[in-house]
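Peer 1: Quick one, fold the following:
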Amino acid sequence: MVSKYSLIFVFYVFVFCDSSYVPNIKQCQIADSECTKKWMQKFFIDNAEKGVEEIGMPPLDPLPLNDITLKIADLIDITLKEGQIAGLKDCEISKFQTNLQARRTNLDIMCDVKLEGNYKAFSNNPLVQELLKGFGVNDDGNKDDLTLTGDGFGKVEIQKLKIGFEFYFKIVKRDGETYIKTRPKKTKYTFDVVGDIKFFADKILIRGKDFTKQILDVLNQNWRFLMSSFGNHVSDKAVEICALYFGRFFDNVPTKQFLLDDLSSYVKE
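Peer 2: The predicted structure is shown next:
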């Protein structure tokens, strides 16, 4: 399914893209990973909040998230409405290496991010119902009595989310200029939380009674187990965003603007 954010990118591409854009960054040899890492970090910091209209790159931080459904360990369904991800502009790039022969770039980033917004939650999972009995909720045989619902404001803070990307590309020539054409469908990634995760929410109800504190205690004490499923949703979104964000730059800025190398011999006809 194509996300709303992807459609926004497509709109920007056709309406605003301008190949005359010249980034304010230092040119590097493509094999100089330290140099390329520094200019990419600078470009990211300088443009994450405002975007770059000339090449169809909308603002990245904060990033709107609407009608996003998350399933946490197949136990609780959460739908985030009118939400956002904040903190992406402060991501640190720890690795940016390109293997020109393999047409591959490896990018590692570390971020402290915050997801927040209005949410709805629902669960009638038997495991959750067994857990609820421990909170003093008596089961009188009516399963609906132990249905968990939530409808309020929620927030998830992720400290030190580490994502490693493996991007693939090809070198193309347009109007006499060489460009790096990204191949987002081939992108691979790994993720881990080096720090911690904290869940915040209000109005988590069972039988109309507020059990917010008890549920949050369970989530916060078991976040690493929950991350095995919840983390995929977050990382999938991060991969989609980064692939589009960096792709918008490379697809629209000639390599001579940021590389000292002549890549003409690598052009794929």
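
Peer 1: need the contact list for the nearest residue to D202 once chain neighbours are set aside.
Peer 2: Spatially, and ignoring its direct neighbours in sequence, D202 is nearest to G152 (4.2 Å; CB to CB, 6 or more residues apart in numbering). In this view, the C-beta of every residue, glycine as well, is placed from N, C-alpha and C. Contacts for G152 (CB atoms under 8 Å, 6 or more residues apart in numbering) come out as N118, Y119, A201, D202, K203, I204.

Peer 1: ok, which stretches of the stretch 101-250 of the chain are strands?
Peer 2: For the stretch 101-250 of the chain, the strands defined by DSSP state E, counting those that start in this stretch occupy 104-123, 148-174, 177-182, 188-193, 197-201, 204-206, 209-210.

Peer 1: buried set for stretch 243-261?
Peer 2: 243-255, 258-259, 261 (16 or more other CB atoms under 10 Å).

Peer 1: With only the CA atoms kept, save it in CSV.
Peer 2: Taking C-alpha atoms only, stretch 243-261 is exported to CSV below (Å, rounded to 0.1, in the frame of the first residue of the first chain):
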residue,chain,number,x,y,z
ALA,A,243,15.1,5.9,0.9
LEU,A,244,12.9,8.7,-0.4
TYR,A,245,14.7,11.5,1.4
PHE,A,246,18.2,10.5,0.2
GLY,A,247,16.9,9.3,-3.1
ARG,A,248,15.4,12.7,-3.8
PHE,A,249,18.8,14.3,-3.4
PHE,A,250,20.8,11.8,-5.5
ASP,A,251,18.2,11.5,-8.2
ASN,A,252,18.1,15.2,-8.8
VAL,A,253,21.6,16.6,-8.0
PRO,A,254,24.4,16.0,-10.6
THR,A,255,27.3,14.1,-9.0
LYS,A,256,29.7,16.9,-9.9
GLN,A,257,28.0,19.0,-7.2
PHE,A,258,29.2,16.8,-4.4
LEU,A,259,31.8,14.4,-5.8
LEU,A,260,35.3,15.0,-7.2
ASP,A,261,35.2,11.7,-9.2
